[in-house]
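# Any chance you could fold what I've pasted below:
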Amino acid sequence: MTDATAPEEVKKPSKTPLILGVFLAVVGGGGGFYAVYSGMLLGGESPVAQSTDDSAPLADQAGEKGAQLGAAVPMGDTAFVPLDPLVISLAPGSGSRHLRFRAQLEVPASKEREVSALLPRVVDVLNSYLRAVEPRDFEDPAILSRLRAQMLRRVQIVTGADRVRDLLIMEFVLN
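Sure, this is the predicted structure:
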């Protein structure tokens, strides 16, 4: 009678299908991300491949990127107009006391003389803008690209949009 009353051992279900399913989901998600990111699925070129391709010279890479954006500029048609260095005093509550800023304007060679004549206005608008920036904003790592875009827009308003192509920041030091 002891044999008939003994409880039967219940087998627990295996966790292998669950583990296998989670593993395949992670691998499939990673593969899908890679396919989209690399351009295999939706087309285009990988941002990683664009930035790490060392086989082409830097000038060729810049020319290709400009051509992709539809703004290829012949190098002979470009001139750079240096701006006088600016030293901006910051608010007393900030960790830094001064901002040292130096830049150059990329202009068409035919417009270099006109832009040079407008440099006092350009310096004035940049000085005014940089003084208006909140000191806490300088702590943001992405501030330089935003400042550059804002300053370029202001310079283009002062000089005319067809006269200045780009603002190149040569020095941006907080001390």
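
# Run through the helices of this protein in chain order.
Assigned by DSSP state H, the helices in the chain fall at 2-5, 16-38, 47-52, 58-69, 112-117, 119-132, 143-159.

# what helices or strands is the fifth one leaning on?
When you say that, I think you mean helix 112-117. Helix 112-117 sits against strand 78-82, with contacts defined as 3 or more Cβ pairs under 8 Å, 6 or more residues apart in numbering; DSSP states H and E. For every residue, glycine as well, the C-beta is placed using N, CA and C.

# Out of the helices of the chain, flag the one nearest Asp84.
Of all the helices of the chain, it is helix 119-132 that lies closest to Asp84, at 6.2 Å by Cβ to Cβ.

# just the CA coordinates of the closest one, formatted as CSV?
Extracted C-alpha coordinates of helix 119-132, given in CSV (Å, rounded to 0.1, in the frame of the first residue of the first chain):
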residue,chain,number,x,y,z
LEU,A,119,34.0,93.9,-39.9
PRO,A,120,33.2,96.5,-37.2
ARG,A,121,29.5,95.6,-37.5
VAL,A,122,30.3,91.9,-37.4
VAL,A,123,32.4,92.3,-34.3
ASP,A,124,29.7,94.4,-32.7
VAL,A,125,26.9,91.8,-33.3
LEU,A,126,29.1,88.9,-32.1
ASN,A,127,30.2,90.8,-29.0
SER,A,128,26.6,91.7,-28.2
TYR,A,129,25.4,88.1,-28.7
LEU,A,130,28.1,86.5,-26.6
ARG,A,131,27.5,88.9,-23.7
ALA,A,132,23.8,88.0,-23.8
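
# Contacts for it next, please.
Outside helix 119-132, the residues that touch it by Cβ atoms under 8 Å, 6 or more residues apart in numbering are 81, 83-84, 86, 88, 99, 101, 103, 105, 115, 147, 150-151, 154-155, 157-159.
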